[in-house]
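> please work out how this folds:
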Amino acid sequence: MNTTNTTADSGFRAALRRHRLQKVHTPGDFRAVAQKRLPKMVFDYIDGGAGQELSIRENRAAIEEIRLVPSAPHDVSACDMSVSLLGETLSLPIIIGPTGLASASWPKGEIEFAKAAARHGTRYVMPNASSVAPDAVARAGSGNSWFQLYPPPDRELARKWVAQARDAGFTGLEVTVDVAAPGQRHRDSRNGFVMPFRWSPGKALDCAARPVWAMKMLYHGQPTPYLQVDENKKQSEGAANQSESRKHRFTRALSWDLLKLVRDEWQGPLLVKGLVDPRQASLAVQAGYDGIVISNHGGRQLDSAISPMEVLPEFRAEVSREFPLLVDGGFRSGVDVCKAIASGATAVQLGRVGVFALATAGGAGLDHMFALFRSEIENTMALCGVTRLDHLGQHSIRRRP
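All right, here's what the predicted structure looks like:
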């Protein structure tokens, strides 16, 4: 191999990534750059939601209706952006949440997520639909990765996946409970988006118009969920979209009894993801769960579902001040994150914005995303007159009537 040419090629690619990142001035800017780099079917899979996508719009509206109350003068010479979560300290109040098939945006995307979270002192939640082996993701995360579990219909399979996560070295487990049935994602149905890809002349032309993405996929191969259930593969045939193709892996027989089984099998930190009904908060505590992720699945499940930010204060009223509450759904800036902290969240879990950063420039895109969030959070804290995130509270915000 000609090392001189390889080094020059690597330097050229790095320069291209730096050039792309010059267009990104806030985390929300990643979306436009990613849209130019990804085929329509892949971008729509990431960007889209259920039904008429009302929930996606409501998630943003609920964040935008909150106003911050600047308090001055205060000495804000040094701002501490760290938070305590499940006995550990995160350098920032943000976590990279589980997003399926990240490798469709960037080869071995789950590995890049895990490495970036470790570099920046936070956590990455590997999705149940990862295209990379769990042990490889856990190694890349150096003890900073959690595992997402969709409880399958087969309880023995649930035990197997929990054991696999434990043996791989994941330090936390998130059990997702809001997928009793797949969301009706019309963008994916119109595009015929299913993994592995089903090709048509239109899709081939669209991919050819993104040669960099196409070459990466040709070299690394199409991503497919690693944790496949061979006996159920036939049930995926003929599905209109990716969500439908995986419906046989979900169960409608979800209950707190099943979630208690997971608690019995998993000894480490355990969170339940997908709650938006505050009445469920006390049940999660009674079932032995260590934290809650308030989430409507990014608007990808029930259309017109209430926004997590709307019910966040109600959840905080149901649990103790110290009980970990994470929230996701539409967060695009450090200002958004500070609004969530003031409303009662312990930290924010990122979804689409992380995938768009990954699609823009891989690990370099994620580093840039973290740097932007860090800068925006610190700036917001200073202008609000606080030096610690736990100084933010209901007194720091107002909601539009």
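> what segments of the stretch 101-250 of the chain are strands?
Secondary structure of the stretch 101-250 of the chain (DSSP state E, counting those that start in this stretch): strands at 124-126, 145-149, 172-176.
> also the stretch 251-400 of the chain?
So, for the stretch 251-400 of the chain - with DSSP E, counting those that start in this stretch - the strands run 270-275, 291-294, 325-327, 347-350, 397-399.
> can you redo these as CSV with distance to Ala72, mean neighbour count and mean pLDDT?
Using the backbone N, CA and C atoms, a C-beta is placed for each residue, glycine as well. Compiled in CSV, the strands of the stretch 251-400 of the chain are given as follows (distance: least, C-beta to C-beta, whole Å; neighbours: other C-beta atoms under 10 Å; pLDDT from 0 to 100):
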stretch, distance to Ala72, mean neighbour count, mean pLDDT
strand 270-275, 37, 24, 98
strand 291-294, 31, 26, 98
strand 325-327, 28, 25, 98
strand 347-350, 25, 26, 98
strand 397-399, 16, 14, 95
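> format the ones you listed as TSV; extra columns: distance to Val212.
Listed next are the strands of the stretch 251-400 of the chain as TSV, based on distance: least, C-beta to C-beta, whole Å:
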stretch	distance to Val212
strand 270-275	33
strand 291-294	34
strand 325-327	34
strand 347-350	24
strand 397-399	42
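> mind checking which of those strands is nearest Ala168?
Among the strands of the stretch 251-400 of the chain, the nearest to Ala168 by C-beta to C-beta is strand 270-275 (16.1 Å).
> hmm, who's touching the closest one?
With C-beta atoms under 8 Å, 6 or more residues apart in numbering as the test, strand 270-275 has contacts from 98, 146, 148, 172-179, 259, 262-263, 281, 284, 287-297, 315, 324, 326.
> next one: stretch 195-213
37-42, 101, 104, 191-192, 214, 217, 222-225, 242, 245.
> buried ones in it, by neighbour count?
Met195, Phe197, Lys203, Asp206, Cys207, Arg210, Trp213 (16 or more other C-beta atoms under 10 Å).
> nearest to Gly365 among the residues you listed?
For these, the minimum distance to Gly365 (C-beta to C-beta) is 13.8 Å, reached by Trp213.
> what's around Ala359, how many residues?
26 (other C-beta atoms under 10 Å).
> residues contacting it?
Phe30, Val33, Ala34, Arg37, Leu38, Ile46, Ser105, Trp106, Gly365.
> same deal with Arg332?
So Arg332 contacts Thr26, Pro27, Gly28, Val353 (C-beta under 8 Å, 6+ apart).
> repeat for Pro308
Asn59, Ala62, Val276, Ile294, Ser295, Asn296, Val327, Asp328, Gly329.
> hmm, try it at 7 Å
Val276, Ile294, Ser295, Asn296, Val327, Asp328, Gly329 (C-beta atoms under 7 Å, 6 or more residues apart in numbering).
> my guess is the first one meets His297, correct?
By that I understand Val276. No. Counting by C-beta atoms under 7 Å, His297 is not a contact partner of Val276; they are 9.5 Å apart.
> quick one, which of the strands of the stretch 251-400 of the chain gets closest to Ala116.
With C-beta to C-beta as the yardstick, what comes closest out of these is strand 347-350 (11.2 Å).
> in stretch 214-230, what counts as buried?
So for stretch 214-230, counting by 16+ other C-beta under 10 Å, buried means Lys216, Met217, Pro223, Pro225, Tyr226, Leu227, Val229.
> and the third one, how close does it get to Gly329?
Between Pro223 and Gly329 the distance is 25 Å, computed by C-beta to C-beta, to the nearest Å.
> repeat that for the second one.
When distance is defined by C-beta to C-beta, Met217 is 29 Å away from Gly329.
> what about Ala72, how many residues nearby?
9.
> and Gly11, how close does it get to Arg18?
11 Å.
> now do Arg60
30 Å.
> more neighbours: which of these two?
Arg60 (17 against 12).
> can you pull the poorly scored residue ranges out of the protein?
1-9, 12, 228-250 (pLDDT under 70).
> in the stretch 201-350 of the chain, which spans are helices?
Applying DSSP state H, counting those that start in this stretch to the stretch 201-350 of the chain gives helices spanning 201-208, 211-220, 242-245, 256-265, 281-286, 308-318, 334-343.
> I'd like to know which of those is closest to Gln301.
helix 242-245 (9.1 Å).
> can you tell me the SS state at Tyr45?
Assigned with DSSP: H, G, I helix; E, B strand; the rest coil, Tyr45 falls in the helix class.
> having no further points to raise, I will conclude here.
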